[in-house]
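K.L.:
When you get a sec, could you give me coordinates for this:
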Amino acid sequence: MRYFLIITLFLASFQSSLFAQKEYKIGCIGFYNFENLFDTLDTPDVRDTEFTPSGKRLYNSKIYYEKLDNLADVVSQLGTKNTPDGVSLLGVCEIENKEVLEDFVQRPKIKDRDYQIVHYNSIDKRGIDVALLYQPKYFTVESSRPIRNHIKNREGEPIFTRDILLVSGVYDGDPMHILVNHWPSRRGGEKATEPLRNQAAFACKKIVDSLEKVNPYARVIVMGDLNDDPTNPSCKKVLNAKRDKENLKKGEMYNPMYDYYKRGIGTTAYRDAWSLFDQIIMSRGLIEPNDDGYQYFKTTIFNERFLVQKTGRYEGYPFRTYSFDTYQGGYSDHFPVFVYLVKEIKK
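P.N.:
Reported below is the predicted structural model:
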């Protein structure tokens, strides 16, 4: 596909047989928590009153459009060091509805990319959903569906949380499946809420297993704000996501975020400690492909200085939109993440 940047790389990091110089196409796939991207309307049966002009945050159209422009500024830069169109697939969370994304994709800095939207309303009590944005010249959607997270608390009562979004399609000739997630939060305590995220991870793993049952080398990407780190049971045990990409076994996945976490690098901060909740986890088909298609190359946490709080109590944290109820004019309380995939050009 002519839109992909053609690059020449020395891919010594893959295998010794790839030490020779070769030409590759490169694609960029990412995830970004948009942190409370609400419209300004008070929607019935949704806990969104604080994000209205009469709410305690005095959230109005001016703030809304500044928020959209700030997020668009970030997205416009993701991956552009290596591919001119930047991120071709972008999973997002903490968005109120499809309408806010329709406003977002029309912002001047990204409008020319013609991002299309896959979105379904979830049953989350706050009214926040997940979605996938994609550039149609890179990706063709063949099917999509929301998968309900049937999560229950200790008393057996249902927890109304975000759906898992499954989008299947073709990425520059390669079949690919994307699962966008936003797992239950840690509100109430990490250990007390751990079973909820394990349940979400189990639902996600069932989908991956079903896809790999049809094709053991299916290209599957699990992305999202998991509200857990790579070392937590939901990722390490339930998803079976490994730190080492060499010799993955059937049923195992690769988590490139693991090494970042072990080095103390995260995507969100709380009480002066970093967490790496925003993750992109890949199936064996993207690590050890049995064809000439795309395979994993590199991961980036986009934590440029302009995204970091410069002063005050939260100096060094991600520069967010609000500090409690005071408008800061920032971006999000999470850094975005993205991966590069490469595909050899056969001559």
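K.L.:
what about Glu102, neighbour count?
P.N.:
Other residues lying near Glu102 total 12 when counted by other C-beta atoms under 10 Å. Yep, even glycine has a C-beta here, placed from its N, CA and C like the rest.
K.L.:
typo on my end, it should be Thr49
P.N.:
With other C-beta under 10 Å as criterion, Thr49 counts 13.
K.L.:
With adjacent residues omitted, what lies nearest to it?
P.N.:
Closest residue in space to Thr49, ignoring its immediate chain neighbours: Gly55 at 4.9 Å, by C-beta to C-beta, 6 or more residues apart in numbering.
K.L.:
Could you pull out the strands in the stretch 1-150 of the chain for me?
P.N.:
Listed in chain order, the strands of the stretch 1-150 of the chain (DSSP state E, counting those that start in this stretch) span 5-9, 22-37, 89-95, 116-119, 129-134, 139-147.
K.L.:
picking up where we left off before, check whether the residue nearest to Thr49 really touches Leu41, as I assumed.
P.N.:
No - between Gly55 and Leu41 there is no contact under C-beta atoms under 8 Å: 11.1 Å.
K.L.:
So what are the sheet partners of whatever helix or strand Leu341 lives in and their directions?
P.N.:
Assessed by DSSP states H and E, Leu341 sits inside strand 337-344. The pairing partners recorded for strand 337-344 under DSSP bridges are strand 22-37 (antiparallel), strand 295-301 (antiparallel).
K.L.:
between it and strand 89-95, how many degrees?
P.N.:
Interaxial angle, strand 337-344 versus strand 89-95 (axes from the mean of the first three to the mean of the last three C-alpha atoms, to 10 degrees): 160 degrees.
K.L.:
Please identify the most buried of the strands of the stretch 1-150 of the chain.
P.N.:
Among the strands of the stretch 1-150 of the chain, ranked by average contacts under mean count of other C-beta atoms under 10 Å, first place goes to strand 89-95 (a mean of 27).
K.L.:
on contacts alone, who are the packing partners of that strand?
P.N.:
strand 22-37, strand 129-134, strand 174-182, strand 220-225 (3 or more C-beta pairs under 8 Å, 6 or more residues apart in numbering; DSSP states H and E).
K.L.:
circling back: look up how far Arg47 lies from the residue nearest to Thr49.
P.N.:
11 Å (C-beta to C-beta, to the nearest Å).
K.L.:
Of the two, which one has the most company?
P.N.:
Between Gly55 and Arg47, counting by other C-beta under 10 Å, Gly55 is the more crowded of the two (16 against 12).
K.L.:
Now do stretch 259-266: everything it contacts.
P.N.:
With contacts defined as C-beta atoms under 8 Å, 6 or more residues apart in numbering, stretch 259-266 is touched by 229-231, 243, 274-277, 299, 301, 303, 335.
K.L.:
how about low-confidence regions in the chain?
P.N.:
By pLDDT under 70, the weakly predicted segments of the chain are 1-20.
K.L.:
Tyr32 is in contact with Glu94, isn't it?
P.N.:
No - using C-beta under 8 Å, Tyr32 is not in contact with Glu94; the gap is 9.5 Å.
K.L.:
residue boundaries of the helices in the stretch 101-250 of the chain?
P.N.:
Counting by DSSP state H, counting those that start in this stretch, the stretch 101-250 of the chain has helices at residues 190-214, 233.
K.L.:
ok, Arg145 touching Leu166?
P.N.:
Yes - the pair Arg145 and Leu166 qualifies as a contact (C-beta under 8 Å) at a distance of 5.6 Å.
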